[in-house]
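[1] below: sequence and its predicted model.
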Amino acid sequence: MNRRFTERLKLPESVRIPFFGGKWYQFLNKLDNKSIQKEMLSGYMLNTEPREETVTASLTSFPARIAYAHWAIKSLILQDYKPDRVVLWLSEEQFPDHKLPQQLTDLTENGLEIYFVADNLYGHKKHYDALLAQKENELVITFDDDIIYPPNSIAKLIKTHEKFPKCVVCNRAQAMAYDDDGKMQNPGRWKTISNIGLHEPSQKLLPSNGGGCLFPFGAVKKELVDAELIKKTALKADDLWVMFMCAESDTKVIKTCKYHRIFSVVTESQVVQLATANILDGMYFERFNNLKNAFPTAYERIVTNK
């Protein structure tokens, strides 16, 4: 059974079927893990044909996951729509001796580029240097290191980008949600299934920066890609940072589909889950308010969608 077939069998996110739903997800997740291990790589496998816009797939990792990051990267190399580059950004602070697993370094023969950067900006590393260096004819697409991406992940983003060339495009996003008293809910609990940002671009969407998030050139103003500002406002909430920086740059967000299917994850990688910690500890609220106070114009655009 290949990953294209298992993708069609997956349930949309937020659809809850007691007991069966969890068991079904575990079954398909196991199949995807086995499948990616069996798929073969041979030589340089990225795009070499001329394009009007090149595609850079960008991601980061850290010591707790570096032993498994090659599976996510392999799934990006094996995309139906081949990226022109796949770039992994690592912190010198976390990897001072530059020693990496051989299964990871072997992927450089297939096109992977690995760069060590001085600052540790956590999840922001997947977009920080890539956006600063982005060229006018380059699309930067960010991914995570613990997901086995469906073969059509990049193709879906490109198809939507062609319809909305000035927008940030994401495969997964959450829409702002409020409780019955009109109070904003925890951003980590916003709605995944909604019509917001489906047919018309919106600034009320929180893009999942690691689910496949496409940035056209200029979508985020380069002066906003500032390490000290990131540390001050949203160091461990890169998705919220993207939402606010898009709004500050007057860039709207569009998503590729309404019913996002649950991602398969690399089984051994789920030791550290920053997003879960953010929700449980209430840190999303704190970081949302930090960004709200630092960027009032962006906040106004987000709440009014203007």
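    Nice, I can see it.

[2] do you have the helices of the stretch 151-300 of the chain handy? List them.
    153-163, 227-233, 238-248, 274-281, 283-294, 296-304 (DSSP state H, counting those that start in this stretch).

[3] assign the closest residue to Thr105 other than its chain neighbours to helix, strand or coil.
    Using CB to CB, 6 or more residues apart in numbering and skipping the chain neighbours, the partner closest in space to Thr105 is Ile114 (7.4 Å). C-beta here means a position set from N, CA and C on the backbone, and glycine is covered the same way. The three-state assignment at Ile114 reads strand, by DSSP: H, G, I helix; E, B strand; the rest coil.

[4] what sits against Ile114?
    87-88, 90, 100, 104-105, 108 (CB atoms under 8 Å, 6 or more residues apart in numbering).

[5] next one: Leu104
    Counting by CB under 8 Å, 6+ apart, Leu104 touches 66, 69-70, 73, 88, 112, 114.

[6] most neighbours out of the contacts of Ile114, which is it?
    Greatest neighbour count in the contacts of Ile114, by other CB atoms under 10 Å, goes to Leu88: 26 neighbours.

[7] apart from its chain neighbours, what residue comes closest to that one?
    Ile114 (4.9 Å).

[8] same question for Thr60.
    With CB to CB, 6+ apart as the criterion, Thr60 has its nearest non-adjacent residue at 3.8 Å, and that residue is Lys125.

[9] in this structure Met184 contacts Ala175, no?
    No: using CB atoms under 8 Å, Met184 and Ala175 do not qualify as a contacting pair, with a distance of 11.8 Å.

[10] and stretch 6-23, how far out from the chain middle?
    Centroid separation for stretch 6-23 versus its chain: 21 Å, with CA atoms, centre = their mean, to the nearest Å.

[11] where does the stretch 151-300 of the chain dip in pLDDT?
    269-282 (pLDDT under 70).

[12] show the contacting residues for Ser153.
    76, 79, 171, 212.

[13] local confidence estimate at the residue nearest to Thr105?
    pLDDT for Ile114: 98.

[14] so that it lines up with my notes, have the first residue be 409 from now on.
    Shifting the count to begin at 409 puts that one at Ile522.

[15] one step back: now the residue nearest to Leu496: how far from Trp649?
    24 Å (CB to CB, to the nearest Å).

[16] Met592 and Ala583: who's more crowded?
    Per other CB under 10 Å, whichever of Met592 and Ala583 has more neighbours is Ala583, with 18 against 13.

[17] any idea what the more buried one is bridged to?
    Lys599, Leu613 (DSSP bridges).

[18] contact partners for it?
    598-600, 602, 604-605, 610, 612-614.
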